[in-house]
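*Asks:* below is the structure, and that's it, no one-letter string:
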């Protein structure tokens, strides 16, 4: 964008518009509100809360606790919650069989949350890694992640979630073609109102570690997969940007209603490119590693937590994100409503 000719100092003093809170508020270009937030939340079997050691302030919630959290989200003005499961390791297998259980943890949590606060949208992760004993996102054969066989399992999982009342299905697996197969399956089942927010540009990032702690998939690397300690054969190379646009374009063509970039802050350039290129609702995920870094720095007195939280979330809006999935959602909503 080319700027018009500017007056010279002293006729032009940019500090005039910064001199008091009222004028700063009046001319602010980007505004963050609770309605921009999706609360990222982990649920577990059993009762009570279980604190996540690597994510201070984040706890795995019971099904009843998740229902109470949905009521709290409604009170705070948070429009949606993204839920992720912590599954008992003894119940996991190589195929992630529990992922499609209509009576499983996620489906029960969705029903409880919708009963408690039907006005709050529920987003479900469509992925096998919380349910597999190897921690990978797909079906494995001969040391390889099988693309099409994985999609079959993901469709079964997503249909169970949609029938339980999930509003937004969010496939995070990065298998080729899964959005189109899922959209056709939803139409065939009469679930045409179910929305799809694809993890369209999901990078093979170092910032997911605390999340794997939270959901209990930290065994990544123990399975019979080539390069088993990472997910680089299906998640994106952090060095690539044009590839992200190709991934997003494919998911839109296949029927995605919204797209996501993950992680968040290290990939603000991708958020901006996607939002500007496609003019489709583009979301960013402020992932567990980003949360943990802010919490660790503030615990050591190196950052002001409240300012860091709001500044980091505001950066996503400034880059063009329609909204942000974040573990800071309830804290940020309270700060914004103060």
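*Replies:* That came through fine. Small disclaimer: the values here were computed from a predicted structure and weren't measured.
*Asks:* so where's the chain uncertain?
*Replies:* Flagging of the chain using pLDDT under 70 yields the residue ranges 1, 218-229, 338.
*Asks:* switch the cut-off to 80
*Replies:* 1-3, 217-230, 338 (pLDDT under 80).
*Asks:* quick one, strands of it?
*Replies:* Using DSSP state E, the strands found in the chain span residues 37-44, 50-51, 59-60, 80-86, 121-126, 139-141, 144-146, 168-171, 195-202, 258-262, 282-286, 323-326.
*Asks:* which among those strands is found nearest to residue 8?
*Replies:* Relative to residue 8, the nearest member of the strands of the chain by CB to CB is strand 282-286, separated by 38.5 Å. C-betas here are computed from N, CA, C, even on glycine.
*Asks:* hmm, who's touching the closest one?
*Replies:* Identification of contacts with strand 282-286 by CB atoms under 8 Å, 6 or more residues apart in numbering yields 38, 40, 197, 199, 258-265, 267-268, 271, 274-275, 312-313, 316, 319-328.
*Asks:* now these: which count as buried?
*Replies:* Burial by neighbour count, 16 or more other CB atoms under 10 Å: within those this picks out 38, 40, 197, 199, 258-265, 267-268, 271, 274-275, 312-313, 316, 319-321, 323-328.
*Asks:* what angle do strand 195-202 and the helix ranked longest in the chain make with each other?
*Replies:* Here the longest helix in the chain is taken by residue count, with DSSP state H as the criterion, and it is helix 147-164. Angular relation of helix 147-164 and strand 195-202 on a 0 to 180 degree scale: 140 degrees, by axes from the mean of the first three to the mean of the last three CA atoms, to 10 degrees.
*Asks:* and the contacts of helix 147-164?
*Replies:* Counting by CB under 8 Å, 6+ apart, helix 147-164 makes contact with 95-96, 99-102, 104, 106-108, 110-111, 124, 126-128, 137-139, 141, 169, 171, 173, 175-178, 181-182, 185-186, 189, 191, 194, all of which sit outside it.
*Asks:* so which of the residues you listed are in helices?
*Replies:* Members of these lying in helices (criterion: DSSP H): 106-108, 110-111, 178, 181-182, 185-186.
*Asks:* now the residues you listed in CSV, with distance to residue 71?
*Replies:* What follows is the ones in helices among the contacts of helix 147-164, written out as CSV (distance: CB to CB, whole Å):
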residue, distance to residue 71
106, 19
107, 20
108, 17
110, 15
111, 15
178, 33
181, 35
182, 30
185, 32
186, 28
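*Asks:* thought residue 245 was touching residue 275?
*Replies:* No - Residue 245 lies out of contact with residue 275 (CB atoms under 8 Å); the separation is 11.3 Å.
*Asks:* count of neighbours near residue 21?
*Replies:* Residue 21 is surrounded by 8 other residues when neighbours are defined as other CB atoms under 10 Å.
*Asks:* what does the one 10 residues further on give?
*Replies:* Residue 31 is flanked by 10 other residues according to other CB under 10 Å.
*Asks:* now it: closest residue in space, sequence neighbours ignored.
*Replies:* Leaving out its chain neighbours, the residue that sits closest to residue 31 by CB to CB, 6 or more residues apart in numbering is residue 317, at 7.4 Å.
*Asks:* what about that neighbour, how many neighbours?
*Replies:* Applying other CB under 10 Å, we find 19 residues neighbouring residue 317.
*Asks:* residue contacts, it?
*Replies:* Each residue near residue 317 by CB under 8 Å, 6+ apart is listed here: 30-32, 36, 324.
*Asks:* ditto for residue 216
*Replies:* Shown here is residue 216, whose contacts under the criterion CB under 8 Å, 6+ apart are 86-87, 89, 130.
*Asks:* state the distance from it to residue 242.
*Replies:* Applying CB to CB, to the nearest Å, the value for residue 216 to residue 242 is 35 Å.
*Asks:* now residue 4
*Replies:* When distance is defined by CB to CB, residue 4 is 32 Å away from residue 242.
*Asks:* could you check which of those two has the larger neighbour count?
*Replies:* Each of residue 4 and residue 242 had its neighbours counted (other CB under 10 Å), and the higher figure belongs to residue 242 (8 against 4).
*Asks:* measure the more buried one to residue 287 for me?
*Replies:* Taken as CB to CB, the spacing of residue 242 relative to residue 287 amounts to 23 Å.
*Asks:* go on, residue 160?
*Replies:* With distances defined as CB to CB, the gap from residue 160 to residue 287 amounts to 25 Å.
*Asks:* neighbour count winner among those two?
*Replies:* Neighbour comparison, residue 160 and residue 287: the larger count goes to residue 287, with 25 against 20 (by other CB under 10 Å).
*Asks:* that one contacts residue 212, doesn't it?
*Replies:* No - applying CB under 8 Å as the test, residue 287 and residue 212 come out as separate, 10.8 Å apart.
*Asks:* which neighbours do the two share?
*Replies:* Here residue 287 and residue 212 have no joint contacts, going by CB under 8 Å, 6+ apart.
*Asks:* picking up where we left off before, buried deepest among the strands of the chain, which one?
*Replies:* Across the strands of the chain, averaging neighbours per residue (mean count of other CB atoms under 10 Å) puts strand 282-286 on top, at a mean of 28.
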